[in-house]
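*Asks:* quick one, what's the 3D model for this:
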Amino acid sequence: MTLSSEAAEQVALKAIVWLAGNDDLLPVFMGSTGADEAAFREGVGNPEFQASVLDFLLMDDAWVIAFCDTEGVPYDRLMQARAMLPGGQQVNWT
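*Replies:* Model prediction:
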């Protein structure tokens, strides 16, 4: 299933809201990206920032499962959404 760019952004926005409410994981994201609270707020509507949040969550299966189970999102939807946001295109090295 291929998501539209609007559907991908909706998934990313859900992920951002979920991350913002996760007291354990939000500081890890902020520390690893160097984003501060203002940058986090400003980035919400930015597709590149949305992609960075999905990239972060996709680093750990436990984070994917926690988000998807909480939000009722199929596990493969994060990867599908990431593919539709900037920088998510599959690279062809040949």
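
*Asks:* what's the host helix or strand of residue 13 packed up against?
*Replies:* Element membership for residue 13, per DSSP states H and E: helix 5-20. The helices and strands touching helix 5-20, judged by 3 or more C-beta pairs under 8 Å, 6 or more residues apart in numbering; DSSP states H and E, are helix 26-33, helix 47-57, helix 61-71, helix 77-84. C-beta: built from backbone N, CA, C; applies to glycine.

*Asks:* residue 2 is nearest to which of these?
*Replies:* helix 77-84 (7.1 Å; C-beta to C-beta).

*Asks:* which residues touch the closest one?
*Replies:* 1-5, 7-9, 11-12, 15, 51, 54-55, 57-58, 64, 67-68, 88-90 (C-beta atoms under 8 Å, 6 or more residues apart in numbering).

*Asks:* rerun at 10 Å
*Replies:* 1-15, 47, 50-51, 53-55, 57-58, 63-64, 67-68, 71, 73-74, 88-90 (C-beta atoms under 10 Å, 6 or more residues apart in numbering).

*Asks:* now these: which count as buried?
*Replies:* 3, 8-9, 11-12, 14-15, 47, 50-51, 53-54, 57-58, 63-64, 67-68, 73, 88 (16 or more other C-beta atoms under 10 Å).

*Asks:* now do the residue nearest to residue 58 when sequence neighbours are not counted against residue 37, distance only.
*Replies:* Closest residue in space to residue 58, ignoring its immediate chain neighbours: residue 78 at 5.9 Å, by C-beta to C-beta, 6 or more residues apart in numbering. From residue 78 across to residue 37, the span is 24 Å (C-beta to C-beta, to the nearest Å).

*Asks:* which one of those two has more residues nearby?
*Replies:* residue 78 (24 against 10; other C-beta atoms under 10 Å).

*Asks:* show me what the helix or strand of the chain with the lowest mean pLDDT packs onto, helices and strands only.
*Replies:* Within the chain, confidence by mean pLDDT, DSSP states H and E is lowest for helix 37-43 among all helices and strands, at a mean of 91. Judged by 3 or more C-beta pairs under 10 Å, 6 or more residues apart in numbering; DSSP states H and E, helix 37-43 is in contact with helix 5-20, helix 26-33, helix 47-57.
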